[in-house]
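In: next comes the sequence, and after it the predicted model I'd like to discuss.
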Amino acid sequence: MPIRAVLWDIDDTLFDYSGADRIAMARLLELEGLPARYTSPEEALDAWRVITARHWARFAAGEADFGGQRRDRVREFLARDLEDTEADAWFRRHAAHYEAAWSLFPDVIPVLDLLDGYRHGVLSNSSSGHQDRKLVALGVRHRFEALLCAVELGVSKPEPGAFHAACEALALEPHEVAYVGDEPDIDAAGAVAAGLKGIWLDRGQRGGRADLVRITGLGQLPALLSGDTRFGASDTFG
């Protein structure tokens, strides 16, 4: 059965989340100074990345709400027991720099153009309002007929229910849908377990997952979807 639609992750798949987040934090540190617990901006930037990943995982597991995980990230990063209003204000200052740095990866628009014969949707472990606004600002929201996010679904990747809800929104069976994301387990392996064609977008070329269909850039995706297996895909794909 051929693939009829592509579901996409957003952050670090279509949108350079890590790059924008790092630019934003570097700018904020320039303006507000280095928190006392860090010895260098590089140490602070690395700590922010680790803290973000940990609290985002809590949010995805339903252990914190969207605003709460943001406040907890700020408190841990600054090592200060801030009131909610103080943490929210700090995060808004960070967010202003973050949004100023928003950009798509260079391969996104060319590949979406090449894949105009497929239907497209988005499944993200975020909130619909946040991701909708981001896609609009980046000029690509109209490319995706469905946008589903964990906050509204009540279930997040890699749970099969999240992937199945996205397939239902497209009125397609899981085996008719490919999912593309930058996380090997949450995205690609989760999609496979749910019956979709999971594709790991390994931009950093980490490798080491022979069990997954893997590409290192979106330019490899059109050939993969059309059945060309030169890019490490199993010959039973599709």
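Out: On my side now, so go ahead. Numbers count the residues shown, from 1 in each chain.
In: biggest helix in this structure by residues?
Out: Using DSSP state H to define each element, the chain has its longest helix at helix 41-60.
In: and the next helix or strand past that one?
Out: The helix or strand immediately downstream of helix 41-60 is helix 66-78, counting by DSSP states H and E.
In: for this protein, which segments are assigned as strands?
Out: Along the chain, counting by DSSP state E, strands occupy 5-8, 119-124, 146-149, 177-181, 197-201, 213-215.
In: and this structure, what are its domains?
Out: 5-16+103-225, 17-100 (automatic domain parsing).
In: from the centre of this structure, give me the residue that's furthest out.
Out: What lies farthest from the middle of the chain is Ala36; by CA atoms, centre = their mean that is 31.0 Å.
In: the closest residue to that one other than its chain neighbours: neighbour count?
Out: With CB to CB, 6 or more residues apart in numbering as the criterion, Ala36 has its nearest non-adjacent residue at 7.8 Å, and that residue is Ala79. Placement of C-beta: from N, CA and C, glycine included. Neighbours of Ala79 under the rule other CB atoms under 10 Å: 10.
In: just Ala191 next, same as before
Out: Neighbours of Ala191 under the rule other CB under 10 Å: 31.
In: which residues touch it?
Out: Ala191 makes contact with Leu7, Pro158, Phe163, Ala178, Tyr179, Gly181, Lys197, Gly198, Ile199, according to CB atoms under 8 Å, 6 or more residues apart in numbering.
In: just among these, which is most surrounded?
Out: Neighbours here mean other CB under 10 Å. Within the contacts of Ala191, the largest count is held by Leu7, at 31 neighbours.
In: for that residue, name its beta-bridge partners.
Out: Following DSSP bridges, Leu7 is listed with bridge partners Gly121, Tyr179.
In: and if you look at the one 4 residues further on?
Out: Using DSSP bridges, the beta-bridge partners of Asp11 come out as Phe15.
In: in the protein, where is pLDDT below threshold?
Out: Within the chain, the segments meeting pLDDT under 70 span 1, 228-238.
In: again, only this time at 90
Out: For the chain, applying pLDDT under 90 flags the ranges 1-2, 53, 56-66, 126-127, 151, 226-238.
In: any idea how far the residue farthest from the centre of the chain lies from Glu83?
Out: Distance of Ala36 to Glu83, given as CB to CB, to the nearest Å: 19 Å.
In: make a markdown table out of the strands of the chain and add distance to Val108.
Out: Output for these, formatted as a markdown table (distance: least, CB to CB, whole Å):
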| stretch | distance to Val108 |
| --- | --- |
| strand 5-8 | 9 |
| strand 119-124 | 11 |
| strand 146-149 | 16 |
| strand 177-181 | 11 |
| strand 197-201 | 11 |
| strand 213-215 | 13 |
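In: and Arg4, how many residues sit next to it?
Out: 15.
In: chain neighbours aside, what residue packs nearest to it?
Out: Glu176 (4.5 Å).
In: same deal with Gly190?
Out: The shortest distance from Gly190 to any non-neighbouring residue, by CB to CB, 6+ apart, is to Pro158 (2.6 Å).
In: okay, now His130: neighbour count?
Out: Residues lying near His130 (other CB under 10 Å) number 14.
In: now do the contacts for it.
Out: Residues in contact with His130, defined by CB under 8 Å, 6+ apart, are Phe66, Cys149.
In: ok, now which ones touch the residue nearest to Ala36?
Out: With CB under 8 Å, 6+ apart, Ala79 has these contacts: Pro35, Ala36, Arg37.
In: contact partners for Arg71?
Out: Leu82, Asp84, Ala87, Asp88, Phe91.
In: can you do 10 Å?
Out: Residues counted as contacts of Arg71 (CB atoms under 10 Å, 6 or more residues apart in numbering) are His55, Ala64, Asp65, Leu82, Glu83, Asp84, Thr85, Glu86, Ala87, Asp88, Trp90, Phe91.
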